[in-house]
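Asks: Have a look at this prediction, sequence included:
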Amino acid sequence: MSSLLKPLDQGKLTLNNRLVMPPMATSKCEVDGKISKDILDYYDEKSRGGYISLIIVEHSFITQKGKASEGQMSIAEDSLVESLKELANIIHKNGSKAVMQINHAGSAASKDVTGFEPVGPSAVANPRKGNVPKELTKEEIKEIIEEFKAAALRVKEAGFDGVEIHSAHGYLLNQFFSPLTNHRTDEYGGDVLGRIRIHLEVIKAVREAVGDDFPVLLRLGAADYMEGGSTIEHSKIAAKEFEKAGVDMLDISGGFCGYIIPGVNGQGYFAPLTEALKEVVSIPVILTGGITEAQAAEKLLSEGKADLIGVGRAIYKDSNWAKNAIESL
């Protein structure tokens, strides 16, 4: 049997194959982040036929202060749950599982979008944006942890199959993880364990909100690919702690480099990261990064580079990609 077609039945999230559509921001929501007809149509089209076993819905902001961009999806208020149910239902009706990603942009936010001054772990320039945020107090960190907790409960109430905590692409949790942006000298800074303290507190709070049986995923920007940034060695330490804390699946991407590695092409370019992390955790690991052909996905799986394959841009460009890929195997 083809590796891509094999069901995944270890853990809390059972999937009928190994193909994942990773979260990709579309900016198709209403200005205030509410679900629009555009976004419902988009996910309806992408999930049709159930060829993609798991759809991770694009990042949604947990608070206005953490909104990344105009048209971004919101998970910041209880009143949104009803319309989010519609989104979950459409994906389910088409035969795919649906997970929702929750996020705080931190210093990647701008006052023009949020109406607030950007915040971050330390008052140092964001390598992608250049702006210097206000350093978060411990009190404010506690508030953000509560906002993640409330958002995760809304995801569950809306009928999704799991929630994904976003710590990649230079957003807030990733800013804590990266030595480039975390210069704190308190318990939320210093070595890797200090820099992931906020992650572990978020995981614990989310787990309290959703209970033991609800799948919790974490998207980790596992390396910055920048001088003085986070490395795979840091990520190995972090991944083991995340698994211990109750994360059910790791979704691997880049840190401050975003979803690309400068100067590196080829299909599955984050494979060295997922392969190294698979050696230290027993939970499933998702690999993304420039995968455009079913045969490449098949090869990466059969070589044990990952447990699941995320295909982003190819599916974004062609809604029939998954159907054609599955039928070609």
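Replies: Looks like it came in fine.

Asks: What segments of the stretch 101-250 of the chain are strands?
Replies: For the stretch 101-250 of the chain, applying DSSP state E, counting those that start in this stretch gives strands covering 119-120, 134-135, 162-167, 216-221, 249-253.

Asks: closest to residue 72 out of those strands?
Replies: For the strands of the stretch 101-250 of the chain, the distance to residue 72 is smallest for strand 162-167, at 11.8 Å, taking Cβ to Cβ. Yep, even glycine has a C-beta here, placed from its N, CA and C like the rest.

Asks: So which elements touch the closest one?
Replies: strand 97-103, helix 138-157, helix 172-177, helix 197-210, strand 216-221 (3 or more Cβ pairs under 8 Å, 6 or more residues apart in numbering; DSSP states H and E).

Asks: Relative to the whole chain's centre, how far out is stretch 164-184?
Replies: Computed by Cα atoms, centre = their mean, to the nearest Å, the chain-centroid distance of stretch 164-184 equals 12 Å.

Asks: er, stretch 223-243 I mean
Replies: Distance of stretch 223-243 from the chain centroid (Cα atoms, centre = their mean) equals 16 Å.

Asks: Report the buried residues of that stretch.
Replies: For stretch 223-243, burial by neighbour count (16 or more other Cβ atoms under 10 Å) applies to 223-225, 229-231, 234-236, 238-239, 241-243.

Asks: Pretty sure residue 173 is one of the things residue 108 touches, is it not?
Replies: No - contact criterion Cβ atoms under 8 Å: residue 108 and residue 173 do not qualify, at 11.2 Å.

Asks: Now name the helix or strand holding residue 322.
Replies: helix 321-328 (DSSP states H and E).

Asks: buried residues in that helix?
Replies: Neighbour-count burial for helix 321-328, counted by 16+ other Cβ under 10 Å, picks out 321-322, 325-326.

Asks: Find the pair from these with maximum spatial separation.
Replies: Farthest pair in the buried residues of helix 321-328, by Cβ to Cβ: 321 and 326, 9.6 Å.

Asks: Residue 70: what's it in contact with?
Replies: Applying Cβ atoms under 8 Å, 6 or more residues apart in numbering, we find residue 70 in contact with 27, 31, 113.

Asks: got the contact list for residue 312?
Replies: Neighbours of residue 312 in contact, by Cβ under 8 Å, 6+ apart: 21-22, 24, 259, 288.

Asks: Next: residue 324.
Replies: Residue 324 sits next to residue 294 when contact means Cβ under 8 Å, 6+ apart.

Asks: so how far is residue 19 from it?
Replies: Counting by Cβ to Cβ, to the nearest Å, the separation of residue 324 from residue 19 is 12 Å.

Asks: again with residue 60
Replies: From residue 60 over to residue 19 the distance is 23 Å, taken as Cβ to Cβ.

Asks: cool, residue 50 as well?
Replies: Applying Cβ to Cβ to residue 50 and residue 19 gives a distance of 10 Å.

Asks: got it, and residue 53?
Replies: 6 Å.

Asks: who has more neighbours, those two?
Replies: residue 19 (27 against 24; other Cβ atoms under 10 Å).

Asks: In contact with the closest residue to that one other than its chain neighbours, which residues?
Replies: Nearest residue to residue 19, sequence neighbours excluded (Cβ to Cβ, 6 or more residues apart in numbering): residue 52, at 5.2 Å. The neighbours of residue 52, taking Cβ under 8 Å, 6+ apart as the test, are 19-21, 46, 96, 315, 322.

Asks: Likewise for residue 37?
Replies: Residue 37 neighbours (Cβ under 8 Å, 6+ apart): none.

Asks: Please, where are all the helices along the stretch 201-329 of the chain?
Replies: Counting by DSSP state H, counting those that start in this stretch, residue ranges of the helices within the stretch 201-329 of the chain are 232-245, 271-278, 294-302, 313-317, 321-328.

Asks: need the ones you listed in JSON lines with mean pLDDT and distance to residue 71, can you?
Replies: Listed next are these as JSON lines, based on pLDDT from 0 to 100; distance: least, Cβ to Cβ, whole Å:
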{"stretch": "helix 232-245", "mean pLDDT": "98", "distance to residue 71": "30"}
{"stretch": "helix 271-278", "mean pLDDT": "98", "distance to residue 71": "30"}
{"stretch": "helix 294-302", "mean pLDDT": "97", "distance to residue 71": "30"}
{"stretch": "helix 313-317", "mean pLDDT": "97", "distance to residue 71": "16"}
{"stretch": "helix 321-328", "mean pLDDT": "96", "distance to residue 71": "24"}
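
Asks: Looking at those helices, which is nearest to residue 214?
Replies: Using Cβ to Cβ, the helices of the stretch 201-329 of the chain put helix 232-245 closest to residue 214, at 14.6 Å.

Asks: remind me which residues of this structure are low pLDDT?
Replies: Within the chain, no stretch has pLDDT under 70.

Asks: Residue 316 reaches residue 24, doesn't it?
Replies: Yes - contact criterion Cβ under 8 Å: residue 316 and residue 24 qualify, at 5.7 Å.

Asks: partners of the closest residue to residue 247 other than its chain neighbours in the sheet?
Replies: Distances taken as Cβ to Cβ, 6+ apart put residue 218 closest to residue 247, at 4.7 Å, once the chain neighbours are dropped. Following DSSP bridges, residue 218 is listed with bridge partners residue 165, residue 250.
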